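model the structure of this input:
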Amino acid sequence: MKILCLDTNHPALIAVLREAGLHCDEAYAETRAQVEEMIARYDALVIRSRFKIDRAFIDKATNLKCIARAGAGMENIDVAYAESKGIRCVHAPEGNRDAVGEQAVGMLLALMNNICTADRQVREGKWIREGNRGYELNGKTVGILGYGNMGSAFAQRLTGFGVRVLAYDKYKSGFGSVSVIESTLEELFEEADVLSLHVPLTEETRYLLNETFIKKFRKSIWIINTARGACLCTADLVKQLESGKVRGACLDVLEYEDISFEGLNAAQLPEAFHYLVRSDKVILSPHVAGWTFESHEKIARILAGKVIAALRERGAGIS
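So this is what the prediction gives:
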């Protein structure tokens, strides 16, 4: 069995695959056209975000049995088409859920307590105390939209802060617990002080957080997005920041990112982006919520295990 790796990952991934007797080739610099020429020789493909695995690509992968995505989101893979061809698609959200949960809490605390603004001011020789008076999480209601690996990890990190946690997931039920109240979307609109987004990017969730959605909240809210940038309409967010309906936003992801998540050309971005950059009500980070040293290795080991399991299901003789 032969595996083709298209993106660099933690060395543990290839090590575990090779220990199981699988042959691994690396094609980190090859173009898509070059990969398409060789893909028919491989049984499994490991990718992060280099390019889309679409129908045209899948049609050339005549021997493929598994596509493995090193991370959580699967939007760069036509999963339905791949599975219709008998190709198992796997990913590793278990590997970076802890990192995402911690980042979401960290960004929220920093925003509510003006930590980034105050740090910058002190470095400039400014000592502003009243202007940096913050808010406590204790006593607030935190709404979680999407209760999979990431949403549940965020909820777990909130234990001990004295918050009320409401969680809504359109496709999941029965997950309520002592610390998390399974809720309706209407209950989130009515009660939440904070909204944290933890949904995949699909046609259903693209621009889910828009002006109409945000205005449904009874209170002014803080928003956290560590999911996918295109789940939130930036122009509408800016309008709601200006109106005061959104008190602040923590954005690890932006709708302007390309498929590889590797960078932005600020000069080519609209005014909405520059508003975010200027605003003290916004904390930004470069899509790193799940990008820790620990998650790097966990993703690799979990994904390798899933590739091995998928190939075993297809009758591969793997140790």
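
that's a strand at residue 67, yeah?
Yes. Per DSSP: H, G, I helix; E, B strand; the rest coil, residue 67 lies within a strand segment.

mind listing what it touches?
If you count contacts by C-beta atoms under 8 Å, 6 or more residues apart in numbering, residue 67 has them with 44, 45, 47, 53, 77, 82, 87, 88, 89, 90. Heads up, the C-betas are built off the backbone N, CA and C, glycines and all.

quick check: which element contains the last one?
According to DSSP states H and E, residue 90 maps onto strand 88-91.

now the helix or strand following that strand, how far from the centre of its chain.
The first helix or strand that comes after strand 88-91 along the chain, using DSSP H and E, is helix 93-112. How far helix 93-112 lies from its chain's middle: 10 Å, per C-alpha atoms, centre = their mean, to the nearest Å.

before we move on, the earlier item: which two in the contacts of residue 67 are spaced the farthest apart?
The largest separation in these, counting by C-beta to C-beta, is between 47 and 88 at 14.1 Å.

and the contacts of residue 67, which is closest to residue 162?
residue 90 (38.2 Å).

sec struct for residue 45, please.
strand.

hmm, it is touching residue 2, no?
No. Here residue 45 does not reach residue 2: they are 10.1 Å apart, not a contact under C-beta atoms under 8 Å.

so which of these two has more stuff around it?
residue 45 (27 against 12; other C-beta atoms under 10 Å).

that one bridge partners, please.
When bridges are called by DSSP bridges, residue 45 pairs up with residue 4, residue 67.

pull out the buried positions in whatever helix or strand residue 312 lives in.
Using DSSP H and E, residue 312 sits in helix 293-313. By neighbour count on 16 or more other C-beta atoms under 10 Å, the buried set for helix 293-313 is 295-308, 310-311.

which residue packs closest to the spatially most central residue of the chain, ignoring adjacent ones?
Note on the chain: the residue nearest the mean C-alpha position is residue 227, at 3.5 Å, using C-alpha atoms, centre = their mean. Closest residue to residue 227 apart from its sequence neighbours, by C-beta to C-beta, 6 or more residues apart in numbering: residue 197 at 4.8 Å.

in terms of pLDDT, where does the one you found sit?
Per-residue pLDDT puts residue 197 at 98.

the residue nearest to residue 6 when sequence neighbours are not counted: neighbour count?
Ranked by C-beta to C-beta, 6+ apart and with sequence neighbours excluded, the top spatial neighbour of residue 6 is residue 47, at 4.6 Å. A total of 21 residues lie near residue 47 under the criterion other C-beta under 10 Å.

now the protein, which segments are flagged as low pLDDT?
260-261, 316-319 (pLDDT under 70).

mind listing the helices for it?
11-19, 32-38, 55-60, 79-84, 93-112, 115-123, 149-158, 185-191, 211-215, 234-243, 271-278, 293-313 (DSSP state H).

I'd like those laid out as TSV, including distance to residue 168.
Output for the helices of the chain, formatted as TSV (distance: least, C-beta to C-beta, whole Å):
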stretch	distance to residue 168
helix 11-19	34
helix 32-38	38
helix 55-60	33
helix 79-84	24
helix 93-112	16
helix 115-123	29
helix 149-158	9
helix 185-191	5
helix 211-215	13
helix 234-243	20
helix 271-278	26
helix 293-313	26
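
quick revisit: among the contacts of residue 67, which one lies nearest to residue 275?
residue 77 (33.1 Å).

may I have the beta-bridge partners of the closest one?
Residues in beta-bridge contact with residue 77 (DSSP bridges): residue 53.

wait, doesn't it sit right on residue 69?
Yes. In this structure, residue 77 is within contact of residue 69 by C-beta under 8 Å, at 6.1 Å.

between the two, which contacts overlap?
By C-beta under 8 Å, 6+ apart, the residues touching both residue 77 and residue 69 are 47, 89.

these two - which one has more neighbours?
residue 69 (25 against 22).

spit out the contact partners of the closest residue to that one other than its chain neighbours.
Leaving aside its chain neighbours, residue 69 sits nearest to residue 91 (4.3 Å; criterion: C-beta to C-beta, 6+ apart). Shown in contact with residue 91 (C-beta under 8 Å, 6+ apart): 68, 69, 70, 71, 72, 73, 74, 303, 306.

returning to that earlier point: so what touches the helix holding residue 312?
1, 3, 9-13, 16-17, 20, 22, 43-44, 46, 65-66, 68-71, 88, 90-92, 94-96, 98-99, 318.

which among those end up buried?
Applying 16+ other C-beta under 10 Å to the contacts of helix 293-313 flags 1, 3, 9-10, 12-13, 16-17, 20, 22, 43-44, 46, 65-66, 68-71, 88, 90-92, 94-96, 98-99 as buried.

which ones are touching the closest residue to residue 290 other than its chain neighbours?
In space, and not counting its chain neighbours, residue 290 is closest to residue 96: 3.2 Å by C-beta to C-beta, 6+ apart. Residues near residue 96 by C-beta under 8 Å, 6+ apart: 71, 72, 289, 290, 291, 292, 295, 298, 299.

I am finished for the moment; much appreciated.
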